[in-house]
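A.B. asks: No letters, just coordinates:
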Ligand code: NAD
Ligand code: TYD
């Protein structure tokens, strides 16, 4: 049994799919189940993992990681061999509008989870205790912003978070590090670059652009559009997590990225061209005509880039997808999965879009 926090979100949900498909591909019987521990915030959607919940391979506990009694009860009831900690508030723009939730979940929540996980681990004995792992899923944003010619982030790059989101993730990383150093708690940490793929909540760049384009709405590019992110297909990240769980050295951190640095404007034009090919506009115009430059994000990090040498060398992980193949799969997924899209675009979603973009006009 493995317990996954945030397993109804974008990456956690993809991980649930990946976990069982990986076992099936290896010809293994799916006998190790997943317990998804998720508060189901606006970003959590049980529909993402509906099939696994329906057939009993996954179980959902709806609770807050900061609720220690709920965490304790889940650990005692399910006795996991590992905890994979995905749960977080994850959107930089929301952290600018309202940082409190980020401190609550990313810092207080991670602290609460660590405390209960450490108590649970302390109650284990022998092989069960030796085998237990706490894998903390984090981001490259903790390293701050790179200049044009700076080397990519390595595991020894100094932390320099710039947004409330990245600062709260940096705080959680430090707690995880300290629990290993102080208590010998068996931790692993991954710091990954920007993910994209199916089930991505449409407040983030790639799904927002796909859906706005399909509806003929403006494609809002912040600032000059020349900020750079290092894009990784979400299933490649999920596979990296599986491999770090199996082979990672306790107390270590691993940077995960696909060496795919792309400027935002190039991401958006790539999506537009893919849509021109797959779903041409009725009036014959190009989707690129919808691109609109809007007011920049305050404190907008210029460039992120990951140096994945360590995970490649020590773990043997490499991404399977290029940006070309990954974006092709992603755009097709959004064209084919309108039912999932409808379930996530509730009134609260529309309120957020109105708030974030009204002030950028
Ligand atoms: P997401 O926002 O899509 O999902 C977060 C999930 O956590 C949701 O299901 C939500 O309901 C749940 N959650 C939030 N607060 C909670 C709480 N207090 N208790 C329990 N559950 C709670 O995020 P994501 O993009 O899937 O990111 C997952 C993890 O990966 C995060 O830790 C994020 O920092 C990290 N990460 C994300 C990216 C990326 O590009 N999306 C890149 C690197 C690392
Ligand atoms: P985002 O998906 O929010 O991820 P992050 O800020 O964590 O990297 O944004 C990716 C990039 O796209 C970032 O440089 C901000 C930019 N962006 C836009 O230009 N327009 C938008 O509407 C959004 C949401 C993001």
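C.D. replies: Received, thanks. No experiment lies behind these values; they were computed from the predicted model shown. Ligands and ions are numbered 1, 2, ... in the order given.

A.B. asks: check contacts around residue 361.
C.D. replies: 294, 295 (Cβ atoms under 8 Å, 6 or more residues apart in numbering). (C-beta placed from N, C-alpha, C; glycine too.)

A.B. asks: Need the pLDDT of it.
C.D. replies: Listed pLDDT for residue 361 reads 72.

A.B. asks: Next: residue 348.
C.D. replies: Reported pLDDT at residue 348 in the predicted model: 87.

A.B. asks: Wait, it touches residue 42, no?
C.D. replies: Yes. Contact criterion Cβ atoms under 8 Å: residue 348 and residue 42 qualify, at 5.5 Å.

A.B. asks: quick one, phi/psi of the residue lying farthest from the centre of the chain?
C.D. replies: Going by Cα atoms, centre = their mean, the residue of the chain most distant from its centre is residue 283, 36.6 Å out. In terms of degrees, to the nearest 10, the main-chain angles of residue 283 are phi -90, psi 10.

A.B. asks: how close does it sit to residue 57?
C.D. replies: 46 Å (Cβ to Cβ, to the nearest Å).

A.B. asks: And residue 23, by the same measure?
C.D. replies: Distance of residue 23 to residue 57, computed by Cβ to Cβ: 10 Å.

A.B. asks: ok, now residue 280?
C.D. replies: To residue 57, residue 280 is 40 Å away according to Cβ to Cβ.

A.B. asks: Tell me which of these two has more neighbours.
C.D. replies: Between residue 280 and residue 57, counting by other Cβ atoms under 10 Å, residue 57 is the more crowded of the two (18 against 12).

A.B. asks: Surely the more buried one is in contact with residue 36?
C.D. replies: No. Taking Cβ under 8 Å as the definition, residue 57 is not a contact partner of residue 36, at 10.6 Å.

A.B. asks: show me what contacts residue 195?
C.D. replies: Contacts of residue 195 (Cβ under 8 Å, 6+ apart): 10, 11, 231, 232, 233, 234, 237.

A.B. asks: Identify the spatial nearest neighbour of it, chain neighbours not counted.
C.D. replies: Nearest non-adjacent residue to residue 195, counting by Cβ to Cβ, 6 or more residues apart in numbering: residue 234, 4.5 Å away.

A.B. asks: and that neighbour, what is it in contact with?
C.D. replies: Neighbour list for residue 234: 10, 11, 14, 195, 196, 197, 198, 200 [criterion: Cβ under 8 Å, 6+ apart].

A.B. asks: Just give me how far the helix ranked longest in the chain sits from the chain centre.
C.D. replies: If you go by DSSP state H, the chain has its longest helix at helix 164-183. Remark: helix 164-183 is offset 17 Å from the chain centroid, using Cα atoms, centre = their mean, to the nearest Å.
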